Every structure is written in C-alpha cells, then in structure tokens.
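> Got a sequence here, can you build the structure:
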Amino acid sequence: MPGANVLVTGASGFIGVHLVTRLLSEGRRVTALTRSSSSLPLEWSDRLSVVACDDFSESGLRRLLQTPVDTVFHLAAYGVRPNHRNIDEMIAINVEFPAALARLCAEWGARMIMAGTFSEYRSPSGRDLLTEASPLEQGKLYGSSKAAGGLMASAVAHSMGTRFRLLRLFKVYGAGEASHRLLPALVNGLAKRERVAISAGTQVLDFVYIDDVIEAMLRADAHCGEKAGVATWNVATGYAHSVREFAERVATAMHADPSLLGFGAIDMRKDDEPWLVGSPSLLRSELGWQPSIGLDKGVDAAVAALCR
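I've put the predicted structure just below:
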C-alpha cells in the first residue's frame, strides 16, 4: 500500500524503529507519535512527521491529531522496564490510551494494529502452548494492564466497527534492543571478554526474531484492508528455548568462552515465569505467516549487527 498514511506510536522503541524503517522503505507516509523527551534516528530527518505528545488522554490526542490516517500501529507501552511500575502511568498508557486510539480510528475510518505481549498470559500449570484462548494474567501489573488494554481496545473497535488486530508478541529479540535487555547485555559483556551476570536461565520462552515480527504486523495491516472485524493473534514460533540456551547460543556466535556466562549471579525477577511458549497456529491459518528465521540464524544476525 505505497503512499498510505500511517501513525506509529512507540516509534522510538526497539520494535518501533524496525517498523518505521520498513514502512519508510515501502514508501508509506509515516507520522510518529512520541513523547517530547523521545529521540528518533537522525536518518529519519525530513522523511516523516513527528507529533510530540505528553498527554495521551483522548482529549489530548484529539488536540494534536488533526489529520486522519489510514492505519494506526500502536506499539507504545509502559512497564517494559522493570523499574517502571507507576500504577497510574500504567493504567493511562496501557489501558486508556489504546481505547482512545480505537475510538479515533472509528471516526477516521482507519484500521488499528496493536502490539500486545506474551506477558498478558497467565503462566500455564504445565508445558502447554499458549493459545489466544488461554487464561490471561490477573496478578502482575504489567501483564494485567496490557491484557486489560487489549481487551478494551478490542471491545471499543468491535462496538464501533473498527478493523482491529491485536498481536500478542512473544519474546522479540534483535539488534536495537534497550541496553538492559538480555541480548545487548550479553553482547556488551562478552565482547569485552567479561563475566556476564545473569539469572539461572531456567525460564523457557518463545524467542521471535524482529524481522518476523515486522512481517506479521504488515500482514495484519493488509488483512485489515481486506476483511472487517476484530481478531487477536499470537506472534510466536511454537518452539521452546531456555534463557540459558539463548545465552549459550550468543556466546557461540561471538566465539566467547561459555564460562563467562554467570548463570545464577542475579536473582530471577518477580515477573519471570517458568514457561511461556505460544502457538502460532491461528496466525498461520489466517495470514499464512510463519517464522522464517530460527534461533541460530536470528542470533547470528543480531550479533553481527551489534558487533559492527
């Protein structure tokens, strides 16, 4: 859809940077809705419009967003960083903001693609693949607020006839992640041949390479253009890998001594779960999407990009 006008929230984040880069390469007209304190890549200068916003209420958005768009990619969230646990901020950004955007989309006749997270799911009692019908998190702030936001935006879209797709992203990785995250922490330490303090690494997750995630988002947008309605899909591989296995794979890609991986040197986070692996079956059947980049190839590509 070259030339289509697109609004992206969270454009300065890891996934947002990759998405906007892809959209610009395809000739889309992009508007980035960002906090006034956010910084965007210099190479985007004069290639997109920027709307600085620190009031994400519906009235604040109406005041700033005067021009209708064709698609909203909603990636912004609060609580990804472990120290971001302000409850008021979490409710405002993760619950109220997406619902307000869904209302605006209805007025504009726009479709909306929202980035959810695997953290919305309650940890299963066994080792079952999580499906879109699996129970949602009710006890942890970030996961519960994201689940509530997705449900509210879906309900608003359904009631107002907005074309809406909620994509629950599993453990996305790749070049450009924030420095506190697992991959850059491993690469930064191992590049200096320093011991890297990490948890025991027993958490089993579903690692999805960033390029596959962006492809899923674009296919969801195209699907919205063809079919009305509301849908929720997992963006997952269905393959289980422990954090320990992921760390060891990074060390192999960097030709680093695996003894530098300090497993157990730090405690597990309160939000860590023993098993969160998703089923991609519904997304595959609806969009024909399936991950094209396995863990070995993805880690190699990410390490190569980070070590340039």
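> How far off centre is stretch 218-235?
Put simply, stretch 218-235 sits 16 Å off its chain's centre (C-alpha atoms, centre = their mean, to the nearest Å).
> With just CA atoms, put it into PDB.
Taking C-alpha atoms only, stretch 218-235 is exported to PDB below (Å, rounded to 0.1, in the frame of the first residue of the first chain):
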ATOM      1  CA  LEU A 218       2.500  -5.700   7.900                       C
ATOM      2  CA  ARG A 219       0.500  -8.800   7.000                       C
ATOM      3  CA  ALA A 220      -2.000  -7.900   9.800                       C
ATOM      4  CA  ASP A 221      -2.400  -4.500   8.300                       C
ATOM      5  CA  ALA A 222      -3.000  -5.900   4.800                       C
ATOM      6  CA  HIS A 223      -5.600  -8.400   6.300                       C
ATOM      7  CA  CYS A 224      -7.400  -5.500   7.900                       C
ATOM      8  CA  GLY A 225      -7.600  -3.900   4.500                       C
ATOM      9  CA  GLU A 226      -9.300  -7.000   3.100                       C
ATOM     10  CA  LYS A 227     -11.500  -8.100   6.000                       C
ATOM     11  CA  ALA A 228     -13.500  -6.200   8.600                       C
ATOM     12  CA  GLY A 229     -13.800  -7.200  12.200                       C
ATOM     13  CA  VAL A 230     -11.600  -7.800  15.200                       C
ATOM     14  CA  ALA A 231      -9.000 -10.500  15.800                       C
ATOM     15  CA  THR A 232      -6.400 -11.500  18.300                       C
ATOM     16  CA  TRP A 233      -3.300 -13.500  17.200                       C
ATOM     17  CA  ASN A 234      -0.100 -14.800  18.800                       C
ATOM     18  CA  VAL A 235       3.100 -13.900  17.100                       C
END
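> Now that stretch: average pLDDT?
Throughout stretch 218-235, pLDDT has a mean value of 97.
> swap in stretch 150-165?
Rounded mean pLDDT across stretch 150-165 is 98.
> Could you list the buried residues of it?
150-154, 156-157, 162-165 (16 or more other C-beta atoms under 10 Å). Yep, even glycine has a C-beta here, placed from its N, CA and C like the rest.
> got a list of contacts for it?
74, 95-96, 98-99, 101-103, 105-106, 110-114, 116, 120, 136, 166, 168, 220-221, 223-225, 227-233 (C-beta atoms under 8 Å, 6 or more residues apart in numbering).
> can you check stretch 244-252 too?
The contact list for stretch 244-252 (C-beta under 8 Å, 6+ apart) reads 173, 182-183, 186-187, 190, 196, 198, 200-202, 205, 207, 257-258, 260-261, 263, 295-296, 299, 303.
> and it, how far out from the chain's middle?
So, by C-alpha atoms, centre = their mean, the centroid of stretch 244-252 is 22 Å from its chain's centroid.
> Could you list the buried residues of that stretch?
Under the neighbour-count criterion of 16+ other C-beta under 10 Å, stretch 244-252 has 244, 246-251 buried.
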